[in-house]
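Novice: what's the 3D shape of this:
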Amino acid sequence: MKYQNEIQKRRTFAIISHPDAGKTTLTEKFLLFGGAIQVAGAVKSNKIKKAATSDFMEIERQRGISVATSVMSFEYDGTLINLLDTPGHKDFAEDTYRTLTAVDSVILVVDSVNGVEEQTRRLMEVISMRKTPVIVFINKMDRDGKNRFDLLEEIEKELSISLHPMTWPIN
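Specialist: Modelled structure (predicted):
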């Protein structure tokens, strides 16, 4: 019974997407707002001199890509959060697929400029096969991108899921 209580106090989720959709930036925001770090790092930013926390390998810092899954844990509101930032590039996809066997749920990041890409489809196949709960997060809404309604329709059609928008940009 003691173990059940401990299990209930833990949540493990992965942030997944195609390359350059913003996984690592989103990870930094979770860590910042969760109180795990004081300053959010950035992927290859001239303005922000701090590298992303999850980019711990020198090659990741140099190239601005995730090569291996990073696991960061922090406590939030009495729950231990295990956050997994995964590689997006298809060359490192096997690491991401393995990671998906260890999570309670995923956040699938879709770039509003590029929409659904080949890697997005493959990731959705894997999480659908495993019946892993998914939250779709549409990133880069501050940029000129696809029509918002067209993008929602594209995601639903391409990934065979139903979306239920929780928030909507005002501008």
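Novice: hey, what's V136 bridged with?
Specialist: The residues paired with V136 through beta bridges, assigned by DSSP bridges, are L108.
Novice: contact partners for it?
Specialist: Shown here is V136, whose contacts under the criterion CB atoms under 8 Å, 6 or more residues apart in numbering are I107, L108, V110, I155, L159, I161, L163. The way it works is simple: take the backbone N, C-alpha and C, and place the C-beta from them, glycine included.
Novice: go through the residues you listed and name the one nearest T132.
Specialist: Relative to T132, the closest of those is L108; by CB to CB it sits at 9.9 Å.
Novice: how much space between that closest one and I170?
Specialist: Counting by CB to CB, to the nearest Å, the separation of L108 from I170 is 24 Å.
Novice: quick one, strands of this protein?
Specialist: Using DSSP state E, the strands of the chain run over 10-17, 70-76, 79-85, 105-111, 134-139.
Novice: what's in contact with the longest one?
Specialist: Outside strand 10-17, the residues that touch it by CB under 8 Å, 6+ apart are 23, 26-27, 69, 79-86, 88, 96, 99-100, 102-111, 119-120, 123, 127.
Novice: pull out the buried positions in it.
Specialist: Using 16 or more other CB atoms under 10 Å as the burial criterion, the residues of strand 10-17 that qualify are T12, F13, A14, I15, I16, S17.
Novice: greatest separation within these: which pair is it?
Specialist: With distance counted by CB to CB, no two of the buried residues of strand 10-17 lie farther apart than T12 and S17, which are 17.7 Å apart.
Novice: neighbour count winner among L108 and I170?
Specialist: Neighbours around L108 and I170, counted as other CB atoms under 10 Å, are more numerous at L108. The numbers are 25 against 4.
Novice: who touches the more buried one in this structure?
Specialist: Here L108 is in contact with I16, S17, T120, L123, M124, I127, V134, I135, V136, F137 (CB under 8 Å, 6+ apart).
Novice: just the buried members of those?
Specialist: Burial by neighbour count, judged by 16+ other CB under 10 Å, picks out I16, S17, T120, L123, M124, I127, V134, V136, F137 from the contacts of L108.
Novice: could I get those residues as CSV with pLDDT?
Specialist: Supplementary listing: the buried ones among the contacts of L108 in CSV, determined by pLDDT from 0 to 100:
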residue, pLDDT
I16, 90
S17, 89
T120, 92
L123, 90
M124, 93
I127, 93
V134, 96
V136, 96
F137, 95
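Novice: between those residues, which is nearest N5?
Specialist: Using CB to CB, the shortest approach to N5 within these belongs to V134, at 26.9 Å.
Novice: contacts only, for that closest one.
Specialist: Under the contact definition (CB under 8 Å, 6+ apart), the residues listed for V134 are S105, V106, I107, L108, M124, I127, I161.
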